[in-house]
Structures are given as structure tokens and as C-alpha cells.
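predicted structure and sequence below. I'll ask about it afterward.
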Amino acid sequence: MKLAATNGRCAVPAGKLARSYTPGGSKSSIAGCQLPIGPKLPHANRPDSLVPNRLAKATSLYLRQHADNPVDWYEWGEEAFAAARSQNKPIFLSVGYSACHWCHVMAHESFEDPALASQLNADFISIKVDREERPDVDSIYMNAVVALSGQGGWPMSVFLKPGGEPFYGGTYFPPQSRYGMPSFSHLLEQIADAWRERREDVDSSAGQLVERLNQFESLGGVELPEDLAMRAATAICAGFDYENGGWGDQPKFPMAMTIDFLLGRFAQAGDRPALETALRSLDRMALGGIFDHLGGGFHRYSVDAVWLVPHFEKMLYDNAQLSGCYLHAWQLTGNQRYLDVARRTFDYVLSEMRGPQGWFYAAQDADSEGVEGKYYLWDLDEVQQLLGDDAKAVCSYFDVTLGGNFEGRNILHEPSDPAPLASRLGISTGQLLAKVAAARETLLGARRSRIAPATDRKAVASWNALMLSSLAQAGAALDEPTYLEAARANAEFLLDQMSPDGKLVHSWAEGRAGKVGFLEDYAALGDALLTLYEADFEPRWFGLAQDLAEAILERFVDADGNLCDTATGQDDLIVRPRRREDNATPAGASLAARLMLRLWALTGREEWRERAEAAIPGLGETFIRHGTAFSMWLQSVLWLDGRAQQVAIAGEKDSAEVRALVEQVRANWRADRVLAVGGEDGPPLLDGREPINGRATAHVCRRFVCQQPVTDPGELRSQLRDETG
């Protein structure tokens with residue numbers, strides 16, 4: 001539908017970019033509208049006292065943040081659609097999340113403005129959705145926005161017919177025309193006029209969009225090339241920014257799944273360019289401002305090409321995945337720098353992002369006191385007053401200057417090699433690093449006295465499972481009980497509080513579980529429980545992972561055998577979404593494929609392999625052309641080329657002999673390996689395997705064809721290394 005004097009294409013604020021994949025093989029693109037970074041939020045022009053709207057009772061923090069808006073908001077559901085039908089009004093759908101800076105900007109500029117609210121209330125039924133609670137709704141309508149404009153982002157603003165069919169949309173709209181975008185008020189006038197006077201255009205646009213949405217969900221099947229993993233890794237490395245690390249120009253996203261695929265490719269096949277590419281990104285991110293050099297953990301993305309200036313929100317899913325990448329890099333290289341970053345990220349999550357019952361919080365906001373990044377920025381004189389005689393060395397280390405590197409203030413980063421810097425300062429490298437370590441504690445203490453960004457304390461099942469998996473791996477690899485106990489506690493929380501009536505739900509907040517669970521939740525938790533089994537060898541976790549995989553086959557497969565994001569019977573959507581692209585988090589289907597392949601390796605049950613292979617081929621050569629957008633799928637592909645390892649260790653799991661053998665396995669990290677330990681109460685991979693002469697015995701296999709059993713840790717180490725390449 002065309003609107004006069006509007007430009008809905010430029011609609012992604014502050015470098016907030018979305019990667020889009022168009023069925024049929026068109027190029028995956030990144031496009032964005034560059035707006036000023038991190039403006040101060042304007043004071044709301046609104047009455048002193050307002051009666052809270054319907055959102056006051058929502059479980060979502062993001063929705064409750066809009067409870068005092070003069071907009072007559074509805075939550076997603078039949079009540080809103082019934083109102084639209086009975087009043088013959090179009091729907092204004094606004095989708096965002098609590099840590100989204102530009103979502104807050106639009107809320108202050110528009111949704112708190114009584115005049116704009118009156119306009120919305122008169123001509124529209126307004127629905128507010130938290131994308132972290134309803135990723136299905138977000139996915140469908142983001143596809144619509146991408147189809148309309150070629151780009152997407154949040155806040156997302158979409159106009160729907162009363163039946164939910166979209167006919168126009170964009171992202172952020174300003175209160176006055178700027179950045180090449182129409183004012184929100186003018187846009188509302190045009191949409192309302194089209195609804196009243198040009199309904200045929202609205203219907204035509206909606207019909208075309210719904211047809212396009214069905215194309216998004218229908219991907220034809222092709223065969224996988226035999227050398228897919230090698231070709232995909234080669235293409236990914238060819239598109240790499242070797243000078244700065246990462247992919248693309250600006251902004252830059254961490255791309256944790258891509259990095260982990262490259263690490264897995266090296267561990268499997270000795271692919272040296274894949275390793276160098278992955279490590280270069282990890283190095284540059286760890287030195288840049290995207291990493292919090294005081295408190296640990298990573299911000300969402302960098303708005304520049306050099307990882308200096310981040311978008312300051314912190315998301316659980318980024319830190320869950322990146323902590324695993326740095327752990328794996330340490331396991332492959334022995335470089336303590338990677339382990340340090342991994343530990344600081346794990347410790348940040350456990351100290352700042354963990355609830356009292358063991359769940360992990362969703363996000364920390366980018367803003368404090370209405371300013372993006374204010375909590376994390378420093379002035380030179382402040383640092384000098386806090387550090388005294390050590391200030392010169394520490395300011396040189398973190399590049400703190402009078403002019404600053406961000407709007408007159410300083411983002412801490414590490415631009416210099418410590419050894420040459422120490423030499424210039426006339427001290428040893430050890431002395432410099434000791435000063436920096438002490439300064440970190442001092443500066444962190446001072447920072448904690450500031451007004452902190454808000455934390456969204458809801459639990460998202462799939463994100464919690466990603467964190468659970470990384471913590472379980474760290475607990476096992478480092479023999480760190482704190483990490484392993486945190487993983488176990490999180491598993492118990494997800495299986496108890498977030499599984500009412502035996503069905504996993506996507507979100508939980510303030511003691512209330514959500515209403516629906518998605519494929520990504522079942523697949524992520526199943527995959528994480530297998531990882532937890534491989535950390536402590538408790539058969540219970542393996543059994544529960546199998547149960548979740550069985551539930552996927554029962555509830556998330558359509559009549560044609562396709563994996564779907566929503567469960568059978570969920571009927572509040574205009575299409576049944578089938579996300580295939582791995583974005584900031586893995587697609588549910590790609591995680592499900594990996595879960596099933598791991599189960600196949602542990603059980604020998606061919607149905608698991610067949611189901612996984614059926615899910616994968618629909619994208620074929622797209623994996624090679626756009627590998628960074630399908631990196632969890634590529635991790636699954638590593639399991640299919642015949643080199644994946646199965647290791648079974650027969651013996652008492654807590655015995656010294658078993659521990660010595662397990663230590664060798666963990667010292668040789670592979671992404672495409674399963675490990676079963678114990679007796680016949682464990683996975684079927686252990687069936688028929690007994691200790692030899694009473695000694696713990698290891699069996700190293702490929703596709704269930706095994707090498708000679710060994711009892712000596714050194715011989716096991718040799719077999720594991722011989723299996724690489």
C-alpha cells in the first residue's frame with residue numbers, strides 16, 4: 001500500500017540492523033538508517049496522573065513500562081482482535097523489548113504524548129508485544145517489515161487488518177519528520193485515511209504481504225553438498241574483516257555461532273584458516289569497548305567497525321554464547337587470555353544476571369538516567385581522583401583521555417600491547433598488569449555507586465538453556481563446582497517452574513509462567529541437558545533430553561514433516577512460522593537438528609538422524625553463500641560428514657580411573673563429539689561395554705565403528721588425536 005509523502009524504507013534507528021534472508025536465494029543483506037547514537041530521552045509531555053492501562057497486569061517488564069501511557073494498549077490476544085472487528089478499526093502493533101534504547105525513545109516521544117495517544121485511540125486498536133515473550137509474533141511481522149522495506153529492527157511498528165493481516169509497517173518513527181522518515185503523527189493520519197477511503201488498496205497490500213509471508217515459511221528442499229562444511233568455512237573466512245575482526249563494516253555483531261562453527265571446524269578437520277579467523281574476532285572483541293573491562297560480559301553489538309563504541313545493552317543470549325566461544329578457544333589453544341574473558345563473563349552472569357531460584361535474567365538496559373551508556377562512561381579527572389599515582393599507567397592502558405573517545409567521555413578499551421606500554425612507562429609488564437587489576441576493583445566499586453541500568457528479570461527458557469549449556473561445559477572443563485552447580489540449579493528451575501503441566505513455556509516472570517512454549521525452548525533445553533549429562537554423567541539428564549526431543553516430534557512437526565516454531569493447536573497467528581535463519585539466537589529448527597544428531601550418536605536410533613537430515617537439506621547451497629546467517633545449521637552439518645566422534649567410557653563414573661580418561665577427552669575439545677560414561681543405566685552407547693580386567697575402559701568410535709578399547713589415558717589421547725582430520 002502506497003502512502004503519500006512517506007518513506008518507510010529508512011527505519012532502523014541508531015545503526016540497529018537486521019539481517020534478512022529472502023527465500024529463493026537472494027542475497028542476505030544488512031541495511032540501516034544511521035541516526036545519532038544514544039540521545040538523551042526527552043521529558044514526557046504527559047499528565048501528572050494517569051490511570052494505568054491494561055498492561056499494568058502484564059508479566060512482561062517491557063509491557064509494564066508502558067502501563068502509564070495514555071495509549072489504550074492491549075496485549076496480544078483475542079480481546080484486541082475482537083475490539084478491532086467490532087469497532088472496524090485497523091490494528092497498530094508495536095513490538096520491542098525492555099533493553100532496546102530506541103524502543104524507549106519512541107515511547108517517550110510518542111506513546112507518552114497525549115495528542116499522539118488520542119490519535120491512536122481514536123483510529124486504531126493498539127497492541128504492545130514484548131518480542132522476548134512472543135518471538136513467534138515478532139518473527140511473522142518482522143518478515144512483513146523486511147518484505148516491505150528490505151530491512152528491520154526494533155521498535156517494530158506494523159499496521160494490521162482486524163484479522164491480523166499486515167498491510168504497512170516500519171520500525172522507529174520520529175515525532176517530527178527527520179532522518180528521511182515521516183512523522184509518526186502524519187503516518188497515522190495517512191494510515192487512518194487509507195483505511196477509511198482506500199480499503200481496496202489496504203486489502204490488496206495485505207493479500208500480497210500474507211502471500212509473501214507464506215513464501216518465507218516455505219523453503220524447497222535440495223541435497224547437501226558433501227564438502228559443505230569446508231566450502232562454508234572457506235566462504236566465511238573470505239568475507240572476514242581481518243584487520244578489525246568480525247564480518248561487515250559497521251555496525252558489527254559478535255556472531256558467536258559463526259565463531260563456534262569455525263572453532264569446531266578446526267577441531268574436526270585441522271582447518272587452520274578457520275581457527276585464525278575465529279581467534280582474530282575473539283581477540284579484537286576482547287580488547288574493544290564491546291567487552292565490559294570492569295564488570296565483565298559483552299554488550300549487544302558495536303556501532304563502529306573497530307569494536308570500540310557498543311550499543312550498551314547486555315543480553316543473556318550473547319553472554320551465554322560468547323562465554324562458550326572463549327572457553328572453546330582456550331581449550332583449543334591453551335591461551336589464558338581466552339580463559340580470562342570466559343571466566344569474567346561467567347562470573348558477570350552469576351553475579352548480576354542470576355535470580356534467587358537459579359534462573360538467569362533476560363537483559364540489562366542500555367540506558368541509565370535517560371542516557372545510553374552513561375553507567376559505563378568515564379571522565380579523565382574522575383579516574384585520576386580515584387586512582388591517584390596509578391592513574392597515568394591505567395589511563396594509558398584503557399585509553400582514557402581528556403577529550404574522550406565517545407561524546408567527550410571515555411569507553412574503556414585496551415588499544416595497546418601491555419609489554420611495549422609498560423616499557424614506555426618505565427615499569428615491568430607484571431607491574432602494569434597489577435596496577436590495572438587493582439584499578440579494575442577501584443573503578444568497579446565507584447561505578448556501582450551510580451544509578452545502574454534497569455534489569456529485565458524475566459526468564460526466557462531458550463536463553464537460559466544456552467547459558468546452562470555454557471556453564472555445564474565450563475564446570476566440566478575447569479573442574480569448577482560453582483559453574484556446574486549453577487547449571488544444575490538452572491536445569492531444575494526450567495524443569496519445575498517453567499514446565500507447568502509438563503509443557504515447557506517460553507517465559508516466566510514474578511512467579512508467573514507464560515502460556516506458550518516454542519520449538520527453540522524445547523530444542524535448546526534438550527541440547528543443554530545433553531551437555532549437562534556430559535558434565536556430570538547423571539542418566540536423568542539424558543532421559544529428560546530424550547523426552548524433550550520426543551515432545552518436539554509430537555508437537556512441533558506439521559503434516560508435511562516440517563519443524564515449526566509453534567506447537568500444533570496454537571491458532572492465534574496468521575501463518576505458522578518456521579524460522580530457519582540463525583540470528584542473534586539459534587533457530588529452533590537448527591538447534592533441534594543438533595539435538596537429534598547428538599541423540600543419534602548416543603543411541604544409534606536412526607530416526608533421530610533421519611529427522612535431522614530432513615530438517616537440514618531445505619537450505620542447500622544457501623549455507624555456503626550466507627554461512628554467517630546459518631551457523632548453527634553448519635554446526636549440525638559437522639555431525640554428518642562421518643568424522644563425528646563417539647566416546648564411551650565403561651566404569652564407575654566417580655572412580656579415579658574414569659576421571660583420568662574423561663580428563664583426556666575434555667582436554668581435546670570437539671564440537672562434534674558425544675561422551676557417555678558409566679554403566680548400562682546410561683545412554684545405549686554404553687550397552688555391552690564393560691571394564692577390561694576390572695579397569696575403566698574407553699571406546700572411541702565413528703558411526704558406531706570403534707577402535708581398539710583402551711585403558712591407558714595416554715593411549716586414549718593418541719586415539720582422540722588420530723581421529724582429527
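Received the coordinates, thanks. Numbers count the residues shown, from 1 in each chain.

where does the prediction get shaky in the stretch 551-700 of the chain?
617-618, 620 (pLDDT under 70).

again, 90 this time
Counting by pLDDT under 90, the ranges of the stretch 551-700 of the chain that qualify are 560, 569-572, 583, 614-625, 640-643, 679-681.

quick one: the helices in it?
Applying DSSP state H, counting those that start in this stretch to the stretch 551-700 of the chain gives helices spanning 588-603, 606-615, 622-625, 631-637, 656-667.

show me what the shortest one is packed against.
If I follow you right, that is helix 622-625. helix 228-238, helix 631-637 (3 or more CB pairs under 8 Å, 6 or more residues apart in numbering; DSSP states H and E). For the C-beta atoms, the positions are set from N, CA and C on the backbone; glycine is no exception.

dump these to TSV, plus distance to G334 and mean neighbour count.
Shown next, in TSV, are those (distance: least, CB to CB, whole Å; neighbours: other CB atoms under 10 Å):
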stretch	distance to G334	mean neighbour count
helix 228-238	22	20
helix 631-637	23	26
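
mind checking these for the one nearest to T333?
Among the helices and strands packed on helix 622-625, the nearest to T333 by CB to CB is helix 228-238 (17.6 Å).

can you pull the alpha-carbon coordinates of the next helix or strand after the closest one into PDB?
Downstream of helix 228-238, the next assigned helix or strand under DSSP states H and E is helix 256-269. Output in PDB follows, covering the C-alpha atoms of helix 256-269 (Å, rounded to 0.1, in the frame of the first residue of the first chain):
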ATOM      1  CA  ALA A 256      29.100 -16.200  18.200                       C
ATOM      2  CA  MET A 257      27.600 -19.100  16.300                       C
ATOM      3  CA  THR A 258      29.800 -18.400  13.300                       C
ATOM      4  CA  ILE A 259      32.900 -18.300  15.500                       C
ATOM      5  CA  ASP A 260      32.000 -21.500  17.200                       C
ATOM      6  CA  PHE A 261      31.400 -23.200  13.900                       C
ATOM      7  CA  LEU A 262      34.900 -22.200  12.800                       C
ATOM      8  CA  LEU A 263      36.400 -23.400  16.000                       C
ATOM      9  CA  GLY A 264      34.500 -26.700  15.600                       C
ATOM     10  CA  ARG A 265      35.700 -27.000  12.000                       C
ATOM     11  CA  PHE A 266      39.300 -26.600  13.100                       C
ATOM     12  CA  ALA A 267      38.900 -29.200  15.900                       C
ATOM     13  CA  GLN A 268      37.400 -31.600  13.500                       C
ATOM     14  CA  ALA A 269      39.500 -31.200  10.400                       C
END
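
follow-up on the earlier one: can I get the helices and strands packed on helix 622-625 in CSV including distance to L275?
Listed next are the helices and strands packed on helix 622-625 as CSV, based on distance: least, CB to CB, whole Å:
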stretch, distance to L275
helix 228-238, 10
helix 631-637, 15
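
between those helices, which gets nearest to R689?
Shortest distance between R689 and those, using CB to CB, is found for helix 631-637: 26.6 Å.

check which helices and strands the closest one sits against.
Using 3+ CB pairs under 8 Å, 6+ apart, helix 631-637 sits against helix 228-238, helix 256-269, helix 588-603, helix 622-625.

now distance to A650 too, for those helices, in TSV please.
What follows is these, written out as TSV (distance: least, CB to CB, whole Å):
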stretch	distance to A650
helix 228-238	31
helix 256-269	25
helix 588-603	15
helix 622-625	37
